[in-house]
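Asks: only geometry, no sequence info:
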């Protein structure tokens, strides 16, 4: 018998398939042994963990917890530091204020648009009528649209109201007349 056969005979004896007397005695002692299961211990037991941590702290294995060791407090501290850095950078990068060169004013209702067969002639007619009663008007032409910008006196005189009424123009609430006249759109 070679070494492999000897090993196989011993394994067969432990498995209960023959074997010599020594192997059979070993098998009987293994089977006669009582196995008591280990007591059940929860995988995660918070109370047990706290007890172990307290004991380790008492014995000096773990340093005592400080208020600053809290992850929540560390997160707030990091957030506050980041916000402070951003504020400083924001003030350093902020451009110097530029002085205002001009003031732009527009009517709250916007620009009133009218259609007319001869917009250029109507523009000049309305401007002449306004100038006749003392209102200065600025005329402009832009892409076949003729405009009038005029600052009406406050309160608006009846003569000016009559001109606006004649041309079916509602008086502007803030006194800034912005009018654009164009040819009727072809649909």
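Replies: Everything's here; your move. Keep in mind the model is a prediction, meaning the values are calculated, not measured. Residues are numbered from 1 along each chain as shown.

Asks: domain parsing for this structure?
Replies: Residue ranges for the domains of the chain, per automatic domain parsing: 3-32, 112-182.

Asks: do you know which of those domains lies nearest residue 89?
Replies: Across those, residue 89 has its closest neighbour in domain 112-182 (41.7 Å, C-beta to C-beta). (Each C-beta comes from the backbone N, C-alpha and C, glycine too.)

Asks: quick one: terminal-to-terminal distance for the closest one?
Replies: From its first residue to its last, domain 112-182 covers 11 Å (C-alpha to C-alpha, to the nearest Å).

Asks: got it, and stretch 128-148?
Replies: Per C-alpha to C-alpha, stretch 128-148 runs 11 Å from first to last residue.

Asks: mind listing residues that contact it?
Replies: 111, 119-120, 122-124, 126-127, 149-153, 157, 159-160, 163, 177-183 (C-beta atoms under 8 Å, 6 or more residues apart in numbering).

Asks: can you do 6 Å?
Replies: With contact meaning C-beta atoms under 6 Å, 6 or more residues apart in numbering, stretch 128-148 is reached by 119-120, 123, 127, 149-150, 159-160, 163, 179-182.

Asks: any idea which helix is longest in the protein?
Replies: Secondary structure of the chain read by DSSP state H shows that its longest helix is helix 71-93.

Asks: please, where are all the helices along the chain?
Replies: 3-15, 21-32, 46-58, 71-93, 119-132, 158-166.

Asks: okay, the ones you listed, which one's buried deepest?
Replies: helix 119-132 (a mean of 16; mean count of other C-beta atoms under 10 Å).

Asks: and of the contacts of stretch 128-148, the nearest to residue 171?
Replies: Using C-beta to C-beta, those come closest to residue 171 at residue 160, 7.9 Å.

Asks: got the confidence number for that closest one?
Replies: pLDDT recorded at residue 160 is 90.
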